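>>> Fold the following and give me the result.
(one chain, ligands or ions: 2)
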Amino acid sequence: MRVEVRPYRRPFRQPLQTAHGPWAVREGIILRFEDEQGQVTFGEIAPIPWFGTETLEQARAWCDRFSRNFALEQIDDIPDSLPACQFGFGAARDRVAWVSPARFEMPSLKPPGPLSVCALLPTGAAALEGWQGLWEQGHRTFKWKIGVAALAEELSLFQQLVKAVPSELRLRLDANGGLTGEEAATWLAECDRAPLPIEFLEQPLPPAQILDWLPQVKGQFQTAIAVDESVATFRQLQQVYERVGRQVVYVVKPAIAGDSQRLAHFCLQHRPDVVFSSALETPIGRHQALRLAQALWNQGISKRALGFGVEHWFADDWATLSAEALWAQL
Ligand SMILES: O=C(O)CCC(=O)C1=CC=C[C@@H](O)[C@@H]1C(=O)O
Ligand SMILES: [Mg+2]
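Ligands and ions are numbered 1, 2, ... in the order given. Okay, here's the model as predicted:
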């Protein structure tokens, strides 16, 4: 199979403000595969190094190993240290009618409607304005980043936000590991008191601290706790699931969780309480990630809104481009 590699850089409309700091530009790699019958498939490598994936440079180095040709079997040679590469090259295999008893079939994608998609709000006070347009588009689940400004300021904004929105709105909070144990307990108590459902508090503490902290708050709060950075790669997902199982919600970003077939089999075997989430990838990686999420949804895995309400974060028409049109721009 022939493969062509093109890097991309795409600015967000505005930097995404999280506890990791501002993120202004999405960089990645688009792969174009052409098989012997001339059939073309696109894949995407969308690293998030601060989540624990490979860097863009490490991904490039792997891609440079291939001349213009590669065999599907070589996907199995991609190490677990390159999860975004495993996902990107895996696109070639997930398309072909590759017959194997172990293969998890992923039917073609029916794009999910806004009701089943969580929209990402702007961080801070901008959320007080930002939610309305997304509500009018049909979104009913929203995610808001915290752990960026001072606790008192964010708690005040939270109280304004939950009073301003319709009571049917469901809100997720994502601290990106930016809170202390004490601040997280304060947030959980606040969420329990909120006048609308707070679906979960995502990654309140950093991966290195959260698992030891969980037992201290077990059974104290109604609001669920989710992990994201703690399970960014497949190895981490396995380890955390073994340790805390169904005590938490798993926010899984297929684009950085490694081989999609392996992820699918893990989800089918363990049936974790999972939210599939965007890695802020392009429509190419998004399409592949959503196909996986939809196929697992059809198997009864996760009924939670998909964390893919992010197209509005990209400038221009990036979110609606076809794979061929996007490739032609690179
Ligand atoms: O999960 C969602 O609803 C949207 C995607 C999202 O929030 C993120 C995507 C990529 C990196 C992170 O800053 C952030 C997250 O922490 O979940
Ligand atoms: Mg998150």
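>>> Could you pick out the residues of the chain near ligand 1 for me?
16, 18, 48, 118, 120, 143, 174, 176, 228, 277-280, 307, 310 (Cβ under 6 Å from any ligand atom). (C-beta placed from N, C-alpha, C; glycine too.)
>>> tell me the two of those residues that are most distant?
Greatest spacing in the residues of the chain next to ligand 1, by Cβ to Cβ: Ile48 and Cys118 (18.0 Å).
>>> between those two, who's got more neighbours?
Using other Cβ atoms under 10 Å, the more surrounded residue of Ile48 and Cys118 is Cys118, with 26 against 23.
>>> helix, strand or coil for the more buried one?
strand (DSSP: H, G, I helix; E, B strand; the rest coil).
>>> and if you look at Leu31?
strand.
>>> which secondary structure element contains the spatially closest residue to it that is not a sequence neighbour?
Computed as Cβ to Cβ, 6 or more residues apart in numbering, the closest residue to Leu31 that is not its neighbour in sequence is Gly43, at 4.1 Å. Taking DSSP states H and E as the criterion, Gly43 maps to strand 40-45.
>>> Now do that strand: distance to the chain's middle.
Using Cα atoms, centre = their mean, to the nearest Å, the distance from the centre of strand 40-45 to the centre of the chain it belongs to is 18 Å.
>>> Alpha carbons only: can I get whichever helix or strand comes after it in PDB?
For strand 40-45, the following helix or strand on the C-terminal side (DSSP H and E) is helix 56-65. The C-alpha trace of helix 56-65 is given here as PDB (Å, rounded to 0.1, in the frame of the first residue of the first chain):
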ATOM      1  CA  LEU A  56       4.800  15.700  16.600                       C
ATOM      2  CA  GLU A  57       8.500  15.300  15.900                       C
ATOM      3  CA  GLN A  58       8.500  11.700  17.200                       C
ATOM      4  CA  ALA A  59       5.500  11.000  15.000                       C
ATOM      5  CA  ARG A  60       7.200  12.500  12.000                       C
ATOM      6  CA  ALA A  61      10.300  10.400  12.600                       C
ATOM      7  CA  TRP A  62       8.100   7.300  12.600                       C
ATOM      8  CA  CYS A  63       6.400   8.300   9.300                       C
ATOM      9  CA  ASP A  64       9.800   9.100   7.700                       C
ATOM     10  CA  ARG A  65      10.800   5.400   8.300                       C
END
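>>> How about the contacts made by Cys191?
Leu173, Ile198, Leu201, Phe221, Gln222, Thr223 (Cβ atoms under 8 Å, 6 or more residues apart in numbering).
>>> which element is it on?
Judged by DSSP H and E, Cys191 forms part of helix 181-193.
>>> How far does that helix sit from its chain's centre?
24 Å.
>>> Just the buried positions in that helix, please.
For helix 181-193, burial by neighbour count (16 or more other Cβ atoms under 10 Å) applies to Gly181, Glu183, Ala184, Ala185, Trp187, Leu188, Glu190, Cys191.
>>> which SS state does the nearest residue to the fifth one once chain neighbours are set aside fall under?
In this case it means Trp187. Leaving aside its sequence neighbours, Trp187 sits nearest to Leu201 (Cβ to Cβ, 6+ apart; 5.8 Å). Three-state assignment for Leu201 (three-state DSSP): strand.
>>> Give the burial count for Leu201, as a bare number.
Residues lying near Leu201 (other Cβ under 10 Å) number 23.
>>> gap between it and ligand 1?
As judged by Cβ to the nearest ligand atom, to the nearest Å, Leu201 and ligand 1 stand 12 Å apart.
>>> Show me which strand runs longest in the chain.
Secondary structure of the chain per DSSP state E: the longest strand is strand 2-18.
>>> Let me know the closest of the residues of the chain next to ligand 1 to ligand 2.
Among the residues of the chain next to ligand 1, Asp228 lies closest to ligand 2 (Cβ to the ion), at 3.5 Å.
>>> contacting residues around that closest one?
Going by Cβ under 8 Å, 6+ apart, Asp228 touches Phe51, Asp174, Asn176, Glu202, Gln203, Val251, Lys253, Ser277.
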